[in-house]
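Asker: okay, sequence plus prediction incoming.
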Amino acid sequence: MDLRFGRGLRAIRMRRGLRQEDVGRVARTSRSLVTKVEGGQIESVSVASLRAIAAAVGATVDIRLRWNGEGLDRLLDEAHARLVDAFVLLLRASGWEVSVEVSFSMWGERGSIDILAFHRLTGIVLVVEVKSVVPDSQATLHGLDRKARLAPEIARERGWACRGVARLLVVGDSTTSRRRIAQFTSMYAAVLPDRGAQVRRWLRMPSGSLAGLLFLASATPDGVRRRHGGRQRVSRPNPARRPPGVAHGPNQGKGAG
């Protein structure tokens, strides 16, 4: 894989008529490092350097984490599903009609909406995008805007008399998620200005439109409500802590004679 990466980088560079010196200058690194990468010696090269070198030839680096075949996908899907379930319960308790994973294909656009809800008393359709972790912010906001634009037609296909569309991004609550959102404060404030308690009040008594962001904790399989994706520690057993009656040393608990 490392050798293929290097060969691919060299092929793109040659196709674009660039020298290694040119790539190094644009990537703000040395020619020798470019040579090293093209030779497939990338074990000790930082991800940031690989991305800079790839960008210099107009390419991108796609890093993928794999675990137990499709185990990682199932693990992430599980977190997403728990978050969806938690928000569906909240919506139904507030009198909304709810559909999950609503697929659409119209006017050349395809996709699915995580949660599509309808408030019959007001005729408001709510489009909800659910993220267990914060991904590419611009892509997420663009996707939510596109789905909200198509929502009236999707609602009509379901027999819902849409009189207004609201949009909401639900994110798994964690320190990491909040930090990533905070990195784009101005963008999120402009696109999704409604937050927290304001969003929850609106869900109970919808009036007018809504463009909001809500951090939400969901229940894990053991029934405990936890925040998502924050820093978690794995603790090793402490030998100093033993149940009552268990000896602390190799000679403790043995007879004196």
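Answerer: Looks like it came in fine. Residues are numbered from 1 along each chain as shown.

Asker: only C-alpha atoms from now on, for both contacts and neighbour counts.
Answerer: OK.

Asker: got the domain boundaries for the chain?
Answerer: As given by automatic domain parsing, the domain ranges for the chain are 2-56, 71-222.

Asker: pipe those into JSON lines and attach mean neighbour count, distance to I63 and mean pLDDT per row.
Answerer: Shown next, in JSON lines, are those (neighbours: other C-alpha atoms under 10 Å; distance: least, C-alpha to C-alpha, whole Å; pLDDT from 0 to 100):
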{"stretch": "domain 2-56", "mean neighbour count": "16", "distance to I63": "9", "mean pLDDT": "93"}
{"stretch": "domain 71-222", "mean neighbour count": "17", "distance to I63": "14", "mean pLDDT": "90"}
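
Asker: would you reformat those domains as TSV and include distance to R64?
Answerer: Shown next, in TSV, are the domains of the chain (distance: least, C-alpha to C-alpha, whole Å):
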stretch	distance to R64
domain 2-56	12
domain 71-222	11
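
Asker: would you put the C-alpha positions of the helix or strand where G6 lies in PDB?
Answerer: Secondary structure from DSSP states H and E places G6 in helix 2-15. Presented in PDB, the C-alpha positions along helix 2-15 are these (Å, rounded to 0.1, in the frame of the first residue of the first chain):
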ATOM      1  CA  ASP A   2       2.900   2.400   0.900                       C
ATOM      2  CA  LEU A   3       4.600   1.700  -2.400                       C
ATOM      3  CA  ARG A   4       1.300   2.200  -4.400                       C
ATOM      4  CA  PHE A   5       0.900   5.500  -2.600                       C
ATOM      5  CA  GLY A   6       4.300   6.600  -3.700                       C
ATOM      6  CA  ARG A   7       3.900   5.400  -7.300                       C
ATOM      7  CA  GLY A   8       0.600   7.100  -7.500                       C
ATOM      8  CA  LEU A   9       2.000  10.400  -6.300                       C
ATOM      9  CA  ARG A  10       4.900  10.200  -8.800                       C
ATOM     10  CA  ALA A  11       2.500   9.400 -11.700                       C
ATOM     11  CA  ILE A  12       0.300  12.400 -10.900                       C
ATOM     12  CA  ARG A  13       3.300  14.700 -10.500                       C
ATOM     13  CA  MET A  14       4.700  13.500 -13.900                       C
ATOM     14  CA  ARG A  15       1.300  13.900 -15.500                       C
END
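
Asker: number of residues surrounding R64?
Answerer: Burial of R64 is recorded as 5 neighbouring residues (other C-alpha atoms under 10 Å).

Asker: next one: the helix holding G6 to chain centre, how far?
Answerer: From the chain centre to the centre of helix 2-15 is a distance of 30 Å (C-alpha atoms, centre = their mean, to the nearest Å).

Asker: stretch 139-149 too?
Answerer: That offset, for stretch 139-149, works out to 15 Å (C-alpha atoms, centre = their mean).

Asker: just the residues contacting the host helix or strand of L50, thanks.
Answerer: If you go by DSSP H and E, L50 is part of helix 47-56. With contact meaning C-alpha atoms under 8 Å, 6 or more residues apart in numbering, helix 47-56 is reached by 9, 23-24, 26-29, 34, 37, 60-61.

Asker: for L116, what are phi and psi?
Answerer: phi -120, psi 120 (degrees, to the nearest 10).

Asker: I meant R110, not that one.
Answerer: phi -130, psi 160.

Asker: distance of it from G208?
Answerer: For R110, the distance to G208 equals 28 Å [C-alpha to C-alpha, to the nearest Å].

Asker: over to V34?
Answerer: With C-alpha to C-alpha as the criterion, V34 and G208 are 56 Å apart.
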